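Colleague: here are the coordinates; sequence isn't available:
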């Protein structure tokens, strides 16, 4: 069955049809929203069956991405759901030495507020007309000669411009480049403490209102307040192979034993820090960290482009979501400025995006190097407080 979609007054294009966005993440939704603000229709195809099909992760530090929300007409609503206190920072060494404590005044500007990813995604979803997002549409392939998308299950749809906003394992990316994400020697175990203020008030006071980082010895613990009262904790092990989980001795099918093993893997760390791990619930999730080559580019074509992690997957140090939001807004604005020349719009967007995200990728890689250092906490202190 072929699905029909709203037509666009965007020409010339090698194929007739609408702007089709694959992936209802932050970047794809920002693109659809800014286009909508300017009277241009788009369709977002998402493989998940609904917005609530899976959890959306933890908090995001939204800083450079705020101009995209302004272009979307959503900045005030974003500020209403953002957590200014999430800008608080505590930085420690593994032995418990506190190197930095920054507490944000209640009236401080929202330069780098934290926001639940799910709340930000809901804000974008709710700003779109009904039917813009087509749930349960897993992209399978594209017939680029005829401008036709094929989805798992057998349905299809036409497109004039195909935008891959489908994340790290993007299928759309293969239409433009052979580049694939590669492991960067970091493996993360995600755990968490629910309702920490009630269940562990002593640990809640220790973590504070925002981010609590312990760095050193090729390991890190990053604890982060979420808006629902959960503290989300990521334990990173640097300089480890892609198959490290298989040899780490962490029994992921036995949460209590997994917590005990994680504490064993942090020898010499202060008991106050490892107490955070002991207090976690039974959610224990392994994640291998991969990135795309910094500065990745591809020859521009008028009918396909990429944004977000599909285009520039970076180390997870706070830039990815911001770059994705900017990608969506910048591509939309280029299409608005070149309504009659999609090829020119795509080329203009990609030139700006390549330069901007290459710089962000270099910064992210530099921060990643600091995190891997034996004295990572003091190196990060110098980064936060140069001079």
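Modeller: The structure has been received and is ready for your questions. As the structure is a prediction and not an experimental result, all values here were calculated from the model.
Colleague: low-confidence ranges in this structure?
Modeller: 1-16, 55-56, 387 (pLDDT under 70).
Colleague: By residue count, what's the longest helix in it?
Modeller: helix 342-372 (DSSP state H).
Colleague: Buried residues, the next helix or strand after that helix. List them.
Modeller: Next along the chain after helix 342-372, taking DSSP states H and E as the criterion, comes helix 376-384. Within helix 376-384, the residues that count as buried by 16 or more other C-beta atoms under 10 Å are 376-381. Backbone N, C-alpha and C define where each C-beta goes, glycine included.
Colleague: Out of these, which is nearest to residue 364?
Modeller: Nearest to residue 364 among the buried residues of helix 376-384 is residue 380, at 13.7 Å by C-beta to C-beta.
Colleague: which residues does the residue nearest to the closest one when sequence neighbours are not counted contact?
Modeller: Among residues not flanking residue 380 along the chain, residue 370 sits closest, at 5.6 Å (C-beta to C-beta, 6 or more residues apart in numbering). Contacts of residue 370 were listed using C-beta atoms under 8 Å, 6 or more residues apart in numbering, and they are 376, 379-380, 383.
Colleague: Let me know the secondary structure of the closest residue to residue 206 other than its chain neighbours.
Modeller: Distances taken as C-beta to C-beta, 6+ apart place residue 272 nearest to residue 206, at 6.4 Å, with adjacent residues excluded. Taking DSSP: H, G, I helix; E, B strand; the rest coil as the rule, one finds residue 272 in the helix state.
Colleague: now the helices for the protein?
Modeller: With DSSP H as the criterion, the chain has helices spanning 26-37, 66-71, 75-81, 117-126, 196-199, 201-207, 244-247, 255-264, 271-278, 309-312, 320-337, 342-372, 376-384.
Colleague: Let me have the ones you listed in a markdown table, adding distance to residue 133 as columns.
Modeller: Listed next are these as a markdown table, based on distance: least, C-beta to C-beta, whole Å:
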| stretch | distance to residue 133 |
| --- | --- |
| helix 26-37 | 8 |
| helix 66-71 | 18 |
| helix 75-81 | 18 |
| helix 117-126 | 7 |
| helix 196-199 | 33 |
| helix 201-207 | 35 |
| helix 244-247 | 34 |
| helix 255-264 | 35 |
| helix 271-278 | 37 |
| helix 309-312 | 17 |
| helix 320-337 | 14 |
| helix 342-372 | 22 |
| helix 376-384 | 39 |
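Colleague: For residue 221, find the nearest of these.
Modeller: helix 271-278 (6.3 Å).
Colleague: List the contacts of that closest one.
Modeller: Contacts of helix 271-278 (C-beta under 8 Å, 6+ apart): 92, 94, 96, 191, 193, 203, 206-207, 214, 221, 223, 231, 233, 235, 259, 262-263, 266.
Colleague: Identify each buried residue in it, please.
Modeller: 273-274, 276-277.
Colleague: Identify the residue nearest the geometric centre of this structure.
Modeller: Nearest to the mean C-alpha position of the chain, counting by C-alpha atoms, centre = their mean, stands residue 321 at 4.2 Å.
Colleague: isn't that one right up against residue 60?
Modeller: Yes: here residue 321 reaches residue 60: they are 4.7 Å apart, a contact under C-beta atoms under 8 Å.
Colleague: circling back to that earlier point, just curious, which of the buried residues of helix 271-278 is nearest to residue 290?
Modeller: Among those, and counting by C-beta to C-beta, the member closest to residue 290 is residue 277, at 24.8 Å.
Colleague: gap between that closest one and residue 197?
Modeller: Going from residue 277 to residue 197 by C-beta to C-beta, to the nearest Å gives 18 Å.
Colleague: now swap in residue 104 and tell me
Modeller: Distance from residue 104 to residue 197, by C-beta to C-beta: 18 Å.
Colleague: the more surrounded of the two?
Modeller: residue 104 (20 against 13; other C-beta atoms under 10 Å).
Colleague: quick one on the thing from earlier: what's the closest of the helices of the chain to residue 297?
Modeller: Going by C-beta to C-beta, the one of the helices of the chain nearest residue 297 is helix 342-372, 5.2 Å.
Colleague: For the closest one, list every residue counted as buried.
Modeller: 342-343, 345-350, 352-354, 356-357, 360-361, 363-364, 367-368, 370-372.
Colleague: From the chain's centre, how far out is the lengthiest strand in the chain? Work that out for me.
Modeller: Looking across the chain with DSSP state E, the single longest strand is strand 182-193. In terms of C-alpha atoms, centre = their mean, to the nearest Å, the centre of strand 182-193 is set 14 Å apart from its chain centre.
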